[in-house]
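Asker: coordinates only, sequence not included:
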């Protein structure tokens, strides 16, 4: 195909942007940008009852946050309007054309009649389809019935086979005669999905339609409509579904959530892009970390798999952790501040950026997502309690723990405020901890001094080291927490 590459995503604003639609958007972006093409957002909001502006905003906000650049979208582009609700006159024009050429007709069958017809077909072992009963009505008869009964518009389906070469799955064939004369509009003002989609893809010059495999059943209908209308067919590619860990279609019970919820949880856009790219695509190498630029360079739709892609939250967390580790500490601190404020650990008007950077740096390598930061560093900002058994290192008894805490208090009390820094504390405490281990017949076990000290300062089983923590807390707070531990 020599014409300009133009691809689109066409979500319905009946819910928030979720991982499946975002992954489809990403693959369309990669496919188009590698070929200097255009990527379009078309909003399919013909479902008036369920479509909401807030959902459209969720879709655009999510794509913008992910840095998935749209060349054309509502308010931007030469092929608009980009909302189906604003294209009614266009659909009406083509519906009238089909009716005038007798390629479509009004159907007046009631729901009860259609259900009885389908039941009869099922009894005969036939695939349920419309018999074409109203297709024989003359225009005069149809005109008269329109005044008396509700109606829909059906296409005259004279096709037998539809074949297309799927970019992912190879050749696919459908017997469209089995579909019967399917409905294409409720009336001239209310087209149904497949009809509106066929018209829009043609008018917007869409060259390739890359979407989820749940749309495969729609493709022959759209191709049939394109053929009847005299339109060119775009090329189609159907991506594998995203599956949960149980290999069933991804749903909320698998942790599926909106893209903006992932943002709220503290995932970084670069991490999500990297993760989503591997949901159904593989570069054929061991490389797992990809920037968007390199994804565009290496992406090939030929390397998209046919089978479902399993959503692995641990993999996402691992990738997110990688990108967190790459962040300059100033930027990471700025990203963490909203979580600390929200959890009541700091106030925006009292932020000490220099101190915060030191605290965040202690946990940069341990963070999997930004929302974890408060739980990790809360001991710096608020009082805490803990069970005294946590102070115990290996098989130390209470008397030994008390000796250990007394030793730490004495050592740290003798260090001046000016020298109370990580380097000095590390040098002194490492030496003294070995001596203390020997003193209580523990063969220089440093943990006998350092473990009770660290727990006294944090109240946690796992945390950063006591040298770094004490240097940030300062001498006064450090001694105060050791005294509190001694009381236990």
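Answerer: Yep, that arrived. All values derive from a computational prediction rather than experimental measurement.

Asker: Ramachandran coordinates for the residue lying farthest from the centre of the chain?
Answerer: Distance from the centre of the chain peaks at residue 439, with 56.1 Å (Cα atoms, centre = their mean). Dihedral pair for residue 439: phi -60, psi -40, per degrees, to the nearest 10.

Asker: And it, how close does it get to residue 483?
Answerer: 21 Å (Cβ to Cβ, to the nearest Å). No exception for glycine: its C-beta is placed from N, CA and C like everyone else's.

Asker: residues touching residue 417, list them.
Answerer: 474, 475 (Cβ atoms under 8 Å, 6 or more residues apart in numbering).

Asker: Tell me which helix or strand it sits in.
Answerer: Residue 417 belongs to no helix or strand when assigned by DSSP states H and E.

Asker: same question, residue 410
Answerer: Judged by DSSP H and E, residue 410 forms part of helix 398-413.

Asker: other SSEs contacting that helix?
Answerer: helix 422-439, helix 447-458, helix 475-487 (3 or more Cβ pairs under 8 Å, 6 or more residues apart in numbering; DSSP states H and E).

Asker: and the residue nearest to residue 317 when sequence neighbours are not counted, how many neighbours?
Answerer: Using Cβ to Cβ, 6 or more residues apart in numbering and skipping residues adjacent in sequence, the residue nearest residue 317 is residue 368, 4.3 Å away. When neighbours are counted by other Cβ atoms under 10 Å, residue 368 registers 18.

Asker: Could you double-check that residue 368 sits in contact with residue 323?
Answerer: No: contact criterion Cβ atoms under 8 Å: residue 368 and residue 323 do not qualify, at 10.6 Å.

Asker: What distance do you get for the residue farthest from the centre of the chain to residue 196?
Answerer: Between residue 439 and residue 196 the computed distance is 82 Å (Cβ to Cβ).

Asker: Now do the same contact list for residue 90.
Answerer: Residue 90 neighbours (Cβ under 8 Å, 6+ apart): 199, 203.

Asker: secondary structure element for residue 8?
Answerer: Here residue 8 sits within strand 6-9, counting by DSSP H and E.

Asker: Give me the buried positions along stretch 428-437.
Answerer: 428, 429, 432, 433, 434, 436, 437 (16 or more other Cβ atoms under 10 Å).

Asker: If we only consider those residues, which is nearest to residue 83?
Answerer: Comparing these against residue 83 with Cβ to Cβ places residue 429 closest, at 65.3 Å.

Asker: In this structure that closest one contacts residue 447, no?
Answerer: No: contact criterion Cβ under 8 Å: residue 429 and residue 447 do not qualify, at 12.0 Å.

Asker: Could you report the neighbour count for residue 226?
Answerer: Counted with other Cβ under 10 Å, residue 226 comes out at 18.

Asker: helices or strands up against the helix or strand where it lies?
Answerer: Assessed by DSSP H and E, residue 226 sits inside helix 218-229. Judged by 3+ Cβ pairs under 8 Å, 6+ apart, helix 218-229 is in contact with helix 88-100, strand 152-155, strand 161-166, strand 170-175, helix 193-203.

Asker: Could you list the residues in contact with that helix?
Answerer: 94, 97-98, 103, 155-157, 159, 162, 164, 172, 174, 176, 179, 182, 184, 193-195, 197-199, 201-202, 209, 232-233, 236, 238.

Asker: which ones are touching residue 310?
Answerer: So residue 310 contacts 242, 243, 244, 245, 247 (Cβ under 8 Å, 6+ apart).

Asker: Ok, residue 136 next?
Answerer: Neighbours of residue 136 in contact, by Cβ under 8 Å, 6+ apart: none.

Asker: Local confidence estimate at it?
Answerer: With respect to pLDDT, residue 136 has a value of 92.

Asker: Just put the helices and strands packed on helix 398-413 in JSON lines and tack on mean pLDDT.
Answerer: As requested, the helices and strands packed on helix 398-413 are exported to JSON lines (pLDDT from 0 to 100):
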{"stretch": "helix 422-439", "mean pLDDT": "96"}
{"stretch": "helix 447-458", "mean pLDDT": "98"}
{"stretch": "helix 475-487", "mean pLDDT": "97"}
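
Asker: Check those for me and report the most buried one.
Answerer: With neighbours taken as mean count of other Cβ atoms under 10 Å, the helices and strands packed on helix 398-413 reach their highest mean count in helix 447-458, at a mean of 24.

Asker: Can you list the neighbours in contact with that helix?
Answerer: Helix 447-458 is contacted from outside by 379, 384, 386, 390-394, 396, 400-401, 404-405, 407-408, 429, 432-433, 436-437, 440, 442, 461, 463, 465-466, 469-470, 473, 478, 481-482, 484-485, using Cβ under 8 Å, 6+ apart.

Asker: what does stretch 182-202 give?
Answerer: 8, 10, 42, 44, 46, 84, 87-88, 90-92, 94-96, 98, 104, 107, 130, 151-155, 157, 206, 209, 218, 221-222, 225-226, 229, 231-232, 234.

Asker: Mark which of those are buried, thanks.
Answerer: With neighbours counted by 16+ other Cβ under 10 Å, the contacts of stretch 182-202 contain buried members at 8, 10, 42, 44, 46, 84, 87-88, 90-92, 94-95, 98, 104, 107, 130, 151-155, 157, 206, 209, 218, 221-222, 225-226, 229, 231, 234.

Asker: which sections of the stretch 151-300 of the chain are below the confidence cut-off?
Answerer: Within the stretch 151-300 of the chain, the set of residues satisfying pLDDT under 70 comprises 251-256.

Asker: If we use 90, what do you get?
Answerer: Across the stretch 151-300 of the chain, the ranges flagged by pLDDT under 90 are 158-160, 177-179, 244-257, 284-286.

Asker: count of residues packed around residue 116?
Answerer: 12.

Asker: Spit out the contact partners of it.
Answerer: By Cβ under 8 Å, 6+ apart, residue 116 has no neighbours at all.

Asker: give me the element it is part of.
Answerer: Assessed by DSSP H and E, residue 116 sits inside helix 111-123.

Asker: Would you mark the buried spots in that helix?
Answerer: Residues of helix 111-123 classed as buried by neighbour count (16+ other Cβ under 10 Å): 117, 118, 121.

Asker: what's the neighbour count on residue 125?
Answerer: Residue 125, neighbours per other Cβ under 10 Å, totals 6.

Asker: no, scratch that, I was asking about residue 371
Answerer: The number of residues packed near residue 371 is 17, by other Cβ under 10 Å.

Asker: try residue 406
Answerer: By other Cβ under 10 Å, neighbour count at residue 406 equals 12.

Asker: Spatially, what comes nearest to it if we skip its sequence neighbours?
Answerer: residue 486 (7.0 Å).

Asker: how much space between the one you found and residue 325?
Answerer: Relative to residue 325, and taking Cβ to Cβ, residue 486 is found at 37 Å.

Asker: cool, and residue 267?
Answerer: Using Cβ to Cβ, residue 267 is found at 14 Å from residue 325.

Asker: And for residue 33?
Answerer: 27 Å.

Asker: Those two: which is more packed in?
Answerer: Shown here are residue 33 and residue 325; by other Cβ under 10 Å, residue 33 has more neighbours (21 against 12).

Asker: give me the element that one is part of.
Answerer: Using DSSP H and E, the element containing residue 33 is helix 19-34.

Asker: Which helix or strand lies directly C-terminal to that helix?
Answerer: The helix or strand immediately downstream of helix 19-34 is strand 38-41, counting by DSSP H and E.
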